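**Q** Predicted model, plus sequence, below.
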2 protein chains.
Amino acid sequence: MLPEFTKQKVAEAALNFAGTGLSVMEVSHRGKEFVAVMDEAIALVKELLNIPEGYSVLFLQGGASLQFLMAPYNLFKSKAAYLNTGVWASKALKEATFFGEVIEVASSKDKNFNYLPKSYEVPSDADYLHVTTNNTIYGTELKSDPEVNVRLVADMSSDIFSRPIDVSKYDLIYAGAQKNLGPSGATLVIVKDDALGKTGRPIPTMLDYRVHIKDGSMFNTPATLPVFACLQTLIWLKELGGVAAMEKINIAKADVIYKELERNKVFVPTVPAPEDRSRMNVTFVMAPGYESLEKEFLDLAAASGMVGLKGHRSVGGFRASIYNALPIESVQALVDVMKEFEASH
Amino acid sequence: MLPEFTKQKVAEAALNFAGTGLSVMEVSHRGKEFVAVMDEAIALVKELLNIPEGYSVLFLQGGASLQFLMAPYNLFKSKAAYLNTGVWASKALKEATFFGEVIEVASSKDKNFNYLPKSYEVPSDADYLHVTTNNTIYGTELKSDPEVNVRLVADMSSDIFSRPIDVSKYDLIYAGAQKNLGPSGATLVIVKDDALGKTGRPIPTMLDYRVHIKDGSMFNTPATLPVFACLQTLIWLKELGGVAAMEKINIAKADVIYKELERNKVFVPTVPAPEDRSRMNVTFVMAPGYESLEKEFLDLAAASGMVGLKGHRSVGGFRASIYNALPIESVQALVDVMKEFEASH
């Protein structure tokens, strides 16, 4: 879900961008109008996340999946550590195995990833630790910045801009745009300049962060329309009060639904530990004894206009994705349907 | 430049896609509405280019620049041959050097790439020959399918869909979308299935064509909005009569301007051989004795609403980009300004 503001601005710019009479899909990415879009998007990312000096912000293509490869290409010398909290973390880990020894410091696979491992040791000679901050399928979220003694790399695809983060704790943050930022096709990268150029490995041009930094995300033609859309969401977020204000809203939204899950007799959350529960994806199933009612509830929700509530096949049940742009009224509406369903059974 | 049809459809789908009430930027790429977009786009590419059995069509991200890397990753065993017709061809060649011996079979660098090398030999043990069919900066274009005795790879970023091609002559064709197809952010790949899996080299997941073929361009989230836009242009092109009809229009457009360049005393084309001249990018400079009038002509053209006419800095002069979507009236308007300029000097 994207803000109405973003959608309106994209619809306008598809026809007439920045008064040029041309579509944002037609103008040169090196023309002053689009350069201003890229510059403003990068500046707003820096401002909203309070990014310190010494970091570069990039808008690339290929999604988090390509970052699974670019991260080790740029940072992996001899050993890397990965925290395995789900299928996306596993995919990131798999790509790193091309480059050398990969240590899985901990995994929550034993319980179908329904918790976040807390006590694990990161080898002090690891080049970095990789974490996935939000696990969309399993409904878990690392809501505070990990403290580690090695470089820290985070895939924040599904919770970036949902709360303040301390960027100085990270060497690399990446995020596919399509959850909290914009449409698929744009990929945000925040990288500590000092972390680069240390592997001794030749890096193919397009996979080298330094190439993209040097050319201000314009080494090759950026995805102009997706980047324009991201900028609109960043403008909307700043207007709303930034990530601190967004976090308050997200906490309020998550509270509404998790409190109902604790109270309601016919549903249970899939993540037992409250501190592990995601504010972006709330996963729950029918309570014991009510399992056969799953389809009936989905039908009732659909009749109330709620789409995409079916949980991922590997978890089952339901998943309410309550990303930044989803208003609290929509969460309240879901809770009302849950109450109604309980009352009728 | 994109067809008005494409721009209108994108503007509509940014707000309400396929009657879902959601933006095309918001729907799941695995939902039936977007799957239909991807399926139809692939089917239309196959239909319009008359692609034989045994080929796969993909919509990926990263532009031609990422294909410079993916092509050798998937096809390069021990030796590759490259035809060097300009800066893009050179960049493609550079990425191949990561994988082994690269033979530059010919280069037109001696004359600032203002011609296409005709007589060159491709080593029979080369894994493939790579060509760039249209060279935007220099205004040259390989307008017929090369006949070679090894696999053939072509970067058709800037002239795909401008004329019929015999796909059976190629093992791999790729094109960034942003000239004749759609907005930047989508990359079209046409690959012969039988050419893959023969290098013996492990390929990172995102760079492996077989991964994307297996998942129908949905291994990771595709750039939904750019792919939707490409589909609209493909629909427009089919309606117009396909690539054969498009070629007739493109020949007519190119004829209008090249004829004027032959006639007009104050301008000369930069590409001497008529058979090498591009139908997509017409490059020309002031004739000897008139060099000082360059800026004056650019100003006159700008006053007539013609933007982007300045030639690339490495060639100088002027470049009229007359891609598929540019109507012949716009070419005629440019010729009128050229005549007017000649008359006043």
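**A** Nice, thanks for sending it over. Numbering: from 1, shown residues only, chains lettered A, B, ... in the order given.

**Q** So which elements touch the longest helix along chain A?
**A** With secondary structure taken from DSSP state H, chain A has its longest helix at helix A:242-263. Using 3 or more C-beta pairs under 8 Å, 6 or more residues apart in numbering or on different chains; DSSP states H and E as the contact test, the elements touching helix A:242-263 are helix A:224-240, strand A:267-269, strand A:281-286, helix A:328-343. For every residue, glycine as well, the C-beta is placed using N, CA and C.

**Q** Can you check which of these gets nearest to B:Leu49?
**A** Between B:Leu49 and the helices and strands packed on helix A:242-263, the shortest separation by C-beta to C-beta is 24.6 Å, and it involves helix A:224-240.

**Q** For that closest one, name the packing helices and strands.
**A** Counting by 3+ C-beta pairs under 8 Å, 6+ apart, helix A:224-240 packs on helix A:4-15, helix A:32-48, helix A:242-263, helix B:224-240.

**Q** circling back to that earlier point, reformat the helices and strands packed on helix A:242-263 into a markdown table and put mean neighbour count, mean pLDDT and distance to B:Gly242 next to each item.
**A** Formatted as a markdown table, those follow (neighbours: other C-beta atoms under 10 Å in any protein chain shown; pLDDT from 0 to 100; distance: least, C-beta to C-beta, whole Å):
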| stretch | mean neighbour count | mean pLDDT | distance to B:Gly242 |
| --- | --- | --- | --- |
| helix A:224-240 | 23 | 98 | 26 |
| strand A:267-269 | 19 | 98 | 55 |
| strand A:281-286 | 23 | 98 | 45 |
| helix A:328-343 | 16 | 97 | 45 |
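
**Q** what's the closest of the ones you listed to A:Val191?
**A** Per C-beta to C-beta, nearest to A:Val191 of the helices and strands packed on helix A:242-263: helix A:224-240, 17.2 Å.

**Q** How far does the closest one sit from its chain's centre?
**A** Taking C-alpha atoms, centre = their mean, to the nearest Å, one finds helix A:224-240 lying 15 Å from the centre of the chain it belongs to.

**Q** Just want the residue of the stretch 51-200 of chain A that's nearest chain B.
**A** A:Gly185 (3.1 Å; C-beta to the nearest C-beta).

**Q** wouldn't that residue be in contact with A:Ala223 here?
**A** Yes. Look at A:Gly185 against A:Ala223 with C-beta atoms under 8 Å: they come within range, at 4.4 Å.

**Q** I'd like to check what contacts the longest helix of chain A. Which residues are they?
**A** Counting contacts by C-beta atoms under 8 Å, 6 or more residues apart in numbering or on different chains, the residues outside helix A:242-263 that touch it are A:48-49, A:161-165, A:237, A:240, A:267-269, A:274, A:277-280, A:282, A:284, A:320, A:322, A:324, A:326, A:328, A:331-332, A:334-335, A:338-339.

**Q** and with 7 Å instead?
**A** If you take C-beta atoms under 7 Å, 6 or more residues apart in numbering or on different chains as the criterion, helix A:242-263 is touched by A:48-49, A:161-164, A:237, A:240, A:267-269, A:277, A:279, A:282, A:284, A:320, A:322, A:324, A:328, A:331-332, A:334-335, A:338.
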